[in-house]
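Asks: here's a sequence, model it:
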Amino acid sequence: MTAPFQTYADENDSADLPSVPVAELRGHEDGPIHIVRFTADGKYCITGAHDRTVRLWNPTRIDPAYRPPPPSTATAAAADNNTHGAYVSSQEYYGRPQQHQQQLPSALPMQTYADGHLHPIHSIATNSSSTTLLSASDKTLLATDLITAQTKQKWWGHSARIEYVTCLGGGANDTSSATNNNSGSNGEEVYATASYDSTVRLWDARSRSKEPLMILDQAKDAVTCVAAGKGGEAQIITSSVDGKIRTYDLRTAQLITEDIGEPITSFSITTDGESIAASCLDGIIRLWGLNTIQKSRVFQKLHPRSKNYKVECTFTANDEYLISGSECGALAIYPVGDSNRYHDTTTTTKGEATILKRHKGPTVSVAACPQITRPWLVVSASYDGSAIVWASQAQYDCCQ
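Replies: Numbering: from 1, shown residues only. Presented below is the predicted three-dimensional model:
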């Protein structure tokens, strides 16, 4: 059994704190892994990479074909692994000594999806029943059977790259929260894409028409994220580089705009649908209640120079922690608690973060398991070409 890699987590942390690296998702060719998501049922995870493929994994099962390298080989590989001179590792950034990292076992690969992907993959999701893969290849949205890997349908119409895709209404697999339980037969069949062309388009999977159901074009810059709100598919929340969070209520035809004042790279909604966290280019994660105007809490991200990469944040399924990537490669886990208790908009809480260090390139994508019984399971993806499965110390043996 591979020994846990030492992190700077507190030994007294919660039993659900995902602080131990337990496996690595190996299989993509050389190049960045841009995106990682869990399937909506939380049983598997998917990754999209620069090699123009999407891969399906079982993150809690070790590949039986995996064979650990000899100790001498592992040591040499660890020494040669930091070849990305343009990146600043978390160890260098914090001035802490470089620790020897034992090679992690490989998680179990399940399926590869390459058909129809002509460009690097930056956005993926599944429908709420975890039977259909949604992936964006530049300006085209593809729906693929998750089991047979056969392409089912394609949609196009954006004039720039699709930055985000999700399934509305059925607990879609996205950074907002895959467990809102706002399922509905209509939402199951409606997909949403957000693009650099400053629009969000809604697509009807039941129709053969290639025309979108609706185009939301109020954003003044690239739309970086889209998700269903507490009202299910009738409420759509978007974020944009123009610094605004927009909430569309399709039933009442109302638009509510929250001006953050800084470019937003991603956002995440708590499982109960009451709070939202927005990751911004100024290095700040802002957390507030969706039903209140006043900001509730402010987090200082690990790396102040968040200017070159879209860094994601996400809540764990029990809303106990907020997890963020960083440009320095480290993963930061912030305790959230009851957001209604916090009202100081000027407080930064960088010191509260549990810092996890495994990646050597920017950690741009993070996904938390949507199962409420597995809030301790997280996967992160990096520009160094690695994707790491994290678990709590208490659940470490369950992933071996």
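Asks: okay, CA-based contacts and neighbour counts for the rest of this
Replies: Will do.
Asks: Asn308 and Thr363, how far apart?
Replies: Asn308 is 12 Å from Thr363, where distance means Cα to Cα, to the nearest Å.
Asks: those two: who's more crowded?
Replies: In this comparison of Asn308 against Thr363, neighbours counted by other Cα atoms under 10 Å, the higher total goes to Thr363 at 32 against 9.
Asks: for the residue lying closest to that one once chain neighbours are set aside, list the residues it contacts.
Replies: Nearest in space to Thr363, with sequence neighbours left out and distances taken as Cα to Cα, 6 or more residues apart in numbering, is Ser382 at 4.2 Å. Contacts of Ser382 were listed using Cα atoms under 8 Å, 6 or more residues apart in numbering, and they are 32-34, 329, 359-365.
Asks: where along the stretch 151-300 of the chain do the strands fall?
Replies: Using DSSP state E, counting those that start in this stretch, the strands of the stretch 151-300 of the chain run over 151-156, 162-167, 190-195, 200-204, 214-216, 223-229, 232-240, 244-249, 254-259, 264-269, 275-280, 284-289, 295-300.
Asks: tell me which of these sits most buried.
Replies: Comparing these by mean neighbour count (mean count of other Cα atoms under 10 Å), strand 223-229 comes out on top with a mean of 30.
Asks: that one - contacts with which helices or strands?
Replies: Judged by 3 or more Cα pairs under 8 Å, 6 or more residues apart in numbering; DSSP states H and E, the packing partners of strand 223-229 are strand 162-167, strand 190-195, strand 232-240, strand 264-269.
Asks: rerun at 10 Å
Replies: On a contact count with 3 or more Cα pairs under 10 Å, 6 or more residues apart in numbering; DSSP states H and E, strand 223-229 meets strand 162-167, strand 190-195, strand 200-204, strand 232-240, strand 244-249, strand 264-269.
Asks: which residues in the stretch 1-150 of the chain form strands?
Replies: Taking DSSP E, counting those that start in this stretch as the criterion, the stretch 1-150 of the chain carries its strands at 20-24, 33-38, 45-49, 54-62, 107-113, 121-126, 132-137, 140-145.
Asks: tabulate those strands (TSV), appending mean neighbour count and mean pLDDT.
Replies: Below are the strands of the stretch 1-150 of the chain laid out as TSV (neighbours: other Cα atoms under 10 Å; pLDDT from 0 to 100):
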stretch	mean neighbour count	mean pLDDT
strand 20-24	26	95
strand 33-38	29	97
strand 45-49	27	97
strand 54-62	22	96
strand 107-113	19	97
strand 121-126	28	96
strand 132-137	25	96
strand 140-145	22	96
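Asks: make TSV out of those and add distance to Ile276.
Replies: Output for the strands of the stretch 1-150 of the chain, formatted as TSV (distance: least, Cα to Cα, whole Å):
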stretch	distance to Ile276
strand 20-24	26
strand 33-38	19
strand 45-49	23
strand 54-62	27
strand 107-113	31
strand 121-126	20
strand 132-137	24
strand 140-145	27
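Asks: follow-up on the earlier one: and the helices and strands packed on strand 223-229, which one's lowest on average pLDDT?
Replies: The stretch with the lowest average pLDDT out of those is strand 232-240, scoring a mean of 87.
Asks: how about it as CSV, C-alpha atoms only?
Replies: Provided in CSV are the C-alpha atoms of strand 232-240 (Å, rounded to 0.1, in the frame of the first residue of the first chain):
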residue,chain,number,x,y,z
GLY,A,232,-34.0,24.2,-11.0
GLU,A,233,-34.0,24.7,-14.8
ALA,A,234,-36.3,27.7,-14.4
GLN,A,235,-33.4,29.6,-12.7
ILE,A,236,-30.1,30.0,-14.5
ILE,A,237,-27.0,31.6,-12.9
THR,A,238,-24.0,32.8,-15.0
SER,A,239,-20.7,34.5,-14.4
SER,A,240,-18.6,36.6,-16.7
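Asks: let me know how buried the residue lying closest to Tyr321 once chain neighbours are set aside is, in neighbour terms.
Replies: In space, and not counting its chain neighbours, Tyr321 is closest to Pro335: 4.6 Å by Cα to Cα, 6+ apart. Counted by other Cα under 10 Å, the residues lying close to Pro335 total 18.
Asks: any shared contact partners between Asn308 and Thr363?
Replies: Listed as contacting both Asn308 and Thr363 by Cα atoms under 10 Å, 6 or more residues apart in numbering are Glu327.
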